[in-house]
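Chemist: Return a 3D structure for these sequence lines:
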Amino acid sequence: MQLKLYKTLWGLDGDYVGAVEAAAAAGFDGIEGPAPEDADERRRFRRALATHGLDYIAEICTAGGYVPDRHASPAEHLASLGQRLSRSRELDPRFITSLAGCDAWAESQSIDFLGSAMDLAADLELPISFETHRSRSLFNPWTTHRIAMALPDMQLTVDFSHWCVVCERLMDTELDVIEAIAPQVRHIHARVGYDQGPQVPHPAAPEYAEALQAHQRWWTIVWRAMRDRGFEVATMTPEFGPDGYLHHLPFSQVPVADLDELNLWMAETERTHFAQFMAASC
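Modeler: Numbering: from 1, shown residues only. Okay, the predicted model is just below:
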């Protein structure tokens, strides 16, 4: 099994072609982010990916942005998914990762919606994974576990940093849940969270070593399940981002770190971590 690392488009400052060139220069294997809304931009993006030999993972939010429209119905979530799946399909993605549903729904409502979303993606022959993201249907470990049991064919994109915030603790207390859902995980978002936030100021800082090591333990559980399922490729996207996640100094609002540098550091660290995991597996 090999590890492929993707550069997030979150916080993109520029055009898509420039993002592809930057990802290729930095040694990433691909790009993860939403498909451009403009058709001409999608064509330029597709050509740039092909030119640089990069892979693509499409990201889709249903009914809104990263936080859903609180009053959107499941039918409205499905309609937005369908529209964005069609747009993403033009770019021949490796798979879709979707921030789907709403945390305020009853579990039965989320199960019905996610089942319909899986059917919709299957009709378009697009593999889809649903992200463990706060504000969405899979916002905490226990709800996710129950929904995963109800939908055994559902695939997951895990971002454990969100659960740290929702539960106000590191997920070492929930290793049984991580072990249980690991056989349904297709993709990892590699951001390090902590009990009071979804993103530490810098994952290399010694004061956050415990949080980094905890996330690496959870990612190792997922890699072990992927290996046992016969995966030839494990995919991971370092996903440190802006939008209130990146810490700033008070008053001056100067960022405490450079986002590109954070994601590069995370990519290099996980290349080493994955190599150690594979060496220990032999």
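Chemist: Okay, strands next: where are they in the protein?
Modeler: 2-8, 30-33, 55-61, 96-99, 128-131, 155-158, 185-190, 233-238 (DSSP state E).
Chemist: just checking, what packs against the first one?
Modeler: Just to be clear, that refers to strand 2-8. Secondary-structure packing of strand 2-8 (3 or more CB pairs under 8 Å, 6 or more residues apart in numbering; DSSP states H and E): helix 16-25, strand 30-33, strand 55-61, strand 233-238, helix 259-281. C-beta coordinates here come from the backbone N, C-alpha and C atoms, glycine included.
Chemist: how about 6 Å then?
Modeler: strand 30-33, strand 233-238 (3 or more CB pairs under 6 Å, 6 or more residues apart in numbering; DSSP states H and E).
Chemist: among these, which is the most enclosed?
Modeler: strand 30-33 (a mean of 25; mean count of other CB atoms under 10 Å).
Chemist: what mean pLDDT does that strand have?
Modeler: Average pLDDT, strand 30-33: 98.
Chemist: So which elements touch it?
Modeler: Against strand 30-33 (3+ CB pairs under 6 Å, 6+ apart) you get strand 2-8, strand 55-61.
Chemist: now what about stretch 69-81, what contacts it?
Modeler: Contact with stretch 69-81 is made by 62-63, 113, 116-117, as judged by CB atoms under 6 Å, 6 or more residues apart in numbering.
Chemist: could those residues go into JSON lines alongside neighbour count, pLDDT and distance to Gly30?
Modeler: Shown next, in JSON lines, are these (neighbours: other CB atoms under 10 Å; pLDDT from 0 to 100; distance: CB to CB, whole Å):
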{"residue": "Thr62", "neighbour count": "27", "pLDDT": "97", "distance to Gly30": "23"}
{"residue": "Ala63", "neighbour count": "22", "pLDDT": "96", "distance to Gly30": "27"}
{"residue": "Phe113", "neighbour count": "22", "pLDDT": "98", "distance to Gly30": "28"}
{"residue": "Ser116", "neighbour count": "15", "pLDDT": "98", "distance to Gly30": "28"}
{"residue": "Ala117", "neighbour count": "27", "pLDDT": "98", "distance to Gly30": "23"}
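Chemist: rewinding a little: may I see the helices and strands packed on strand 2-8 organised as a markdown table, with distance to Ala209 added?
Modeler: Formatted as a markdown table, the helices and strands packed on strand 2-8 follow (distance: least, CB to CB, whole Å):
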| stretch | distance to Ala209 |
| --- | --- |
| strand 30-33 | 27 |
| strand 233-238 | 17 |
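Chemist: now for those strands, which one comes closest to Ser252?
Modeler: Taking CB to CB, strand 233-238 is the member of those nearest to Ser252, at 26.5 Å.
Chemist: Each with direction, which strands does the closest one pair with?
Modeler: The pairing partners recorded for strand 233-238 under DSSP bridges are strand 2-8 (parallel), strand 185-190 (parallel).
Chemist: Out of those strands, which one sits most buried?
Modeler: Of the strands paired with strand 233-238, strand 185-190 is the most buried (mean count of other CB under 10 Å), at a mean of 24.
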